[in-house]
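Trainee: sequence first, then the predicted structure:
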Amino acid sequence: MISPKFRYCPRITIGKELVVGASPDLVLGRGDLFADADWGVGTVDGLNDMNIRTFLQTTNHKGTLDSLYSDIAQLGQIFDVQENAATFTESLKTRVVAIKASVADQPEHSFAYIVPATEDTITVSSMQNDTYQLDALGLLKLKNTFDGVQGEVSVEQLITANPDYLLLSAYAGSPDIDKLIQNLYANPALQSMNAIKNKQIYVTDFSQFWGYGYQILDGIEKMGQEMKANPIK
């Protein structure tokens, strides 16, 4: 049984030098952060060679909510708190059931994700690698407009696909989201789109959705409440 020391700092990328300097027993997180780069914590092999153990979340490797439950179970075993882990997982599953029930009488709707690159540009993501986020959004009966589309998505494709909703993400250092939304609603080329005509643009918290943890349910619940308060007419 190990007694890990934790160093956690939300929304900030911590480099290898700082991680190693903290002398942790265990480093856990997204797999793509385990790299010898300015933004990485060091490779798995490199950390293990220094007797620092590693745990890579499976949620960001073609993950789903089931991956989250599996990660929690494994962490429960690592810390010898299996009962607490199982109880926590059940609480998450209860929330999932409640989210599904909240939209049980609603039809399925389509959405497209706009990457907030700048306030004045429209960058569309097909979200093909974002399986964890798509699984969670599916709880609200939201279907990815560009499911199966590979490569870049053009503005013309977005207009033709005509999604019911547009989703954006806000994060520390992101462009002015309010201005981006105003520009989207005012863009003459987008006026035929249902999401624009019906004022159906929603903002997610990037850390909640792309942190690959249980916090994504906070974002899904919030989005569900906002959509219910602003129904498509």
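Mentor: Perfect, I can see it now. None of these values were measured; they are calculated from a predicted model. Numbers count the residues shown, from 1 in each chain.
Trainee: ok, the most centrally placed residue in the chain to A86 distance?
Mentor: In the chain, the residue lying closest to the centroid (Cα atoms, centre = their mean) is F209, at 2.2 Å. Distance of F209 to A86, given as Cβ to Cβ, to the nearest Å: 25 Å. C-beta coordinates here come from the backbone N, C-alpha and C atoms, glycine included.
Trainee: quick one, what contacts the closest residue to S192 other than its chain neighbours?
Mentor: Leaving out its chain neighbours, the residue that sits closest to S192 by Cβ to Cβ, 6 or more residues apart in numbering is I159, at 6.6 Å. Each residue near I159 by Cβ atoms under 8 Å, 6 or more residues apart in numbering is listed here: 189-190, 192-193.
Trainee: so which strand or helix has the residue nearest to the centre of the chain?
Mentor: Using DSSP states H and E, F209 sits within helix 206-210.
Trainee: ranges for the strands of this structure?
Mentor: All strands of the chain, identified by DSSP state E, fall at 26-29, 53-56, 109-115, 123-125, 142-144, 165-170, 201-205.
Trainee: so the residue nearest to the centre of the chain touches L134, yeah?
Mentor: No. Assessed by Cβ atoms under 8 Å, F209 is found out of contact with L134, at 10.5 Å.
Trainee: closest to P231 out of the strands of the chain?
Mentor: Counting by Cβ to Cβ, P231 lies closest to strand 109-115 out of these; the figure is 10.5 Å.
Trainee: now the closest one: buried residues?
Mentor: Using 16 or more other Cβ atoms under 10 Å as the test for burial, strand 109-115 gives 109-114.
Trainee: helices of the chain, residue ranges please.
Mentor: In the chain, the helices defined using DSSP state H lie at 16-21, 44-49, 65-78, 82-102, 131-137, 155-161, 177-186, 194-197, 206-210, 216-229.
Trainee: highest mean neighbour count out of those helices?
Mentor: Mean neighbours per residue, mean count of other Cβ atoms under 10 Å, is largest over these for helix 131-137, with a mean of 21.
Trainee: okay, now the unreliable bits of this protein?
Mentor: 1-13 (pLDDT under 70).
Trainee: can you do 90?
Mentor: Within the chain, the ranges that satisfy pLDDT under 90 run 1-15, 29-33, 37-39, 60-61, 150-152, 171-174, 233.
Trainee: circling back: now the residue nearest to S192: how far from S174?
Mentor: According to Cβ to Cβ, I159 and S174 sit 24 Å apart.
Trainee: check contacts around I72.
Mentor: Applying Cβ under 8 Å, 6+ apart, we find I72 in contact with 85, 88-89, 92, 214.
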